[in-house]
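S.K.: model the following, please.
(one chain, ligands or ions: 1)
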Amino acid sequence: MTRCKFLLALILAAASSTSALAQSPIVLKFSHVVASDTPKGKGAERFKELAEKYTKGRVKVELYPNSVLYKDKEELEALQLGSVQMLAPSLAKFGALGIKEFELFDLPYIFPTRDVLYRVTEGPIGKSLFNKLEPKGIVGLAYWDNGFKVMSSNRPMRVPADFNGMRMRIQSSKVLEAQMRALGAIPQAMAFSEVFRALQNGAVDGTENPPSNLYTMKMHEVQKHVTLSNHGYLGYAVIANKKFWEGLPPEVRVQLQQAMKDSTKYANAIAQQENDRALDAVRKSGMTTVHVLTPQQKAEWRRVLLPVQKQMAERIGGDVISAVNKEAAALGSR
Ligand code: LMR
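M.R.: Below you'll find the predicted structure:
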C-alpha cells in the first residue's frame with residue numbers, strides 16, 4: 001500500500017473508529033483465523049457473551065472466525081487502521097510488526113510446563129512485551145493459551161533425520177524457520193487459511209500445530225502421520241486498536257476488561273482438554289497414524305533443537321531466554 005494511500009486509509013479509519021465509539025451500540029469487530037470449535041474460538045465466543053452482558057448491550061461484539069474477514073497477513077494492518085477492533089494472533093506473528101521478541105514463545109522446549117508459561121505471560125516479561133505494542137497503536141489485553149505442537153506429514157517422523165528435505169509449513173517466524181532448518185527441513189511460511197489446500201495439493205509436505213488446529217482444519221485427512229513431539233508452544237495475544245480502546249467511555253472499558261479477564265480464565269482452562277479431545281478424534285478417524293516418541297528419540301530431538309535457543313538469542317534477547325530458563329529451573333521443570 002503506497003504511503004499516501006495508507007495515510008488516507010488511516011484518516012478514514014480514524015474517522016470510522018471515532019464514529020464507532022459514537023455509535024449506539026458500540027460495535028467491536030473481533031476477527032481471528034481459526035475455527036470456532038478451538039480454544040481461541042471458544043474464548044472469543046465467551047468474550048462476546050460476557051462483553052454484551054457486562055455492558056448491558058452498550059457494546060455489540062461481532063465475531064469473524066476462520067479468516068472470513070481478514071487473513072493472517074491482513075489482520076494486523078486492519079487492526080492498526082481501525083477497520084477491526086480486536087484480534088488474537090498467534091504469538092509467532094508479531095515479527096511482522098517488527099517486534100521480534102514475541103518469538104520467544106516459538107523457541108523449542110522453552111516452556112517445559114504451563115506453570116512456566118504462565119509465570120512468563122502473567123509476569124514482567126509478558127508485560128514488557130505488551131508495552132512494545134503501544135507505539136504500534138495496539139493495546140495488549142491478555143494472553144490466551146492453546147498448547148504444545150505436534151508435527152504432521154505423509155511420512156513417519158520418529159527422528160530428526162526423517163525431516164530431511166521435507167517442505168514444512170510454518171507461521172511467519174524466524175525462530176520457526178531456524179527450528180525447521182535445524183531438523184533438515186525446508187521452512188515455508190504461509191497463512192493459516194492456505195495450509196489445508198497446500199497440504200492437499202502437495203505444495204508443502206507437512207506442518208506443525210496443536211491438535212485442536214490440526215483437527216478442526218481437517219489436516220488429518222491429508223496427513224498420514226502425526227508425531228506427538230510437543231517440541232514447541234503455540235499461544236495468543238489478545239490485542240485491541242489503541243485509539244478505539246482508549247476512546248471507550250471509562251465505565252465501558254472497565255466492563256470490557258472484566259469480560260476479558262473472565263473469558264481469559266475460561267479460554268486457558270479449556271485449552272488442554274480441547275487439544276486432548278481433538279487428538280482423540282484424530283486417532284478415532286483412522287486416517288492418520290499417531291506416533292509417540294521413545295525416550296531415546298525425544299533426547300535426539302532435544303539434542304538437535306535446543307541449540308536454536310542460543311542461535312536466536314541475539315534476535316530475541318539472551319537475557320529474556322535465560323530469565324525463562326531460570327523460572328523453569330526455579331519451578332524444578334528443567
Ligand atoms: C497458525 O497460523 O498455524 C496458527 O497461528 C493459527 C492460530 O491462530 O492458532
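
S.K.: longest helix of the protein?
M.R.: The longest helix of the chain (DSSP state H) is helix 250-285.

S.K.: what's opposite the residue nearest the centre of the chain in the beta bridge?
M.R.: Residue closest to the mean C-alpha point of the chain, counted by Cα atoms, centre = their mean, is S90 at 1.7 Å. Under the criterion DSSP bridges, S90 forms beta bridges with Y236.

S.K.: touching, it and V238? I think so.
M.R.: No - counting by Cβ atoms under 8 Å, S90 does not reach V238; the two are 11.6 Å apart. (Each C-beta comes from the backbone N, C-alpha and C, glycine too.)

S.K.: now the strands: where do they sit in this protein?
M.R.: Here the chain has its strands, by DSSP state E, at 26-31, 59-64, 86-87, 138-148, 150-153, 167-170, 186-189, 206-209, 225-227, 233-241, 289-291.

S.K.: how about the ones you listed in TSV, adding distance to the ligand, mean neighbour count and mean pLDDT?
M.R.: Formatted as TSV, the strands of the chain follow (distance: least, Cβ to the nearest ligand atom, whole Å; neighbours: other Cβ atoms under 10 Å; pLDDT from 0 to 100):
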stretch	distance to the ligand	mean neighbour count	mean pLDDT
strand 26-31	11	22	98
strand 59-64	13	19	98
strand 86-87	10	26	98
strand 138-148	6	23	98
strand 150-153	12	26	98
strand 167-170	8	22	98
strand 186-189	9	18	98
strand 206-209	5	25	98
strand 225-227	15	23	98
strand 233-241	6	24	98
strand 289-291	19	15	98
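
S.K.: tabulate these (TSV), appending distance to G43.
M.R.: Converted to TSV, the strands of the chain look like this (distance: least, Cβ to Cβ, whole Å):
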stretch	distance to G43
strand 26-31	10
strand 59-64	11
strand 86-87	12
strand 138-148	5
strand 150-153	21
strand 167-170	24
strand 186-189	25
strand 206-209	17
strand 225-227	24
strand 233-241	8
strand 289-291	26
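
S.K.: tell me which of those strands sits nearest to T38.
M.R.: For these, proximity to T38 was assessed by Cβ to Cβ; strand 138-148 is nearest, at 7.5 Å.

S.K.: of all residues in the stretch 101-250 of the chain, which one is closest to the ligand?
M.R.: Using Cβ to the nearest ligand atom, F192 is the residue of the stretch 101-250 of the chain that sits closest to the ligand, at 3.4 Å.
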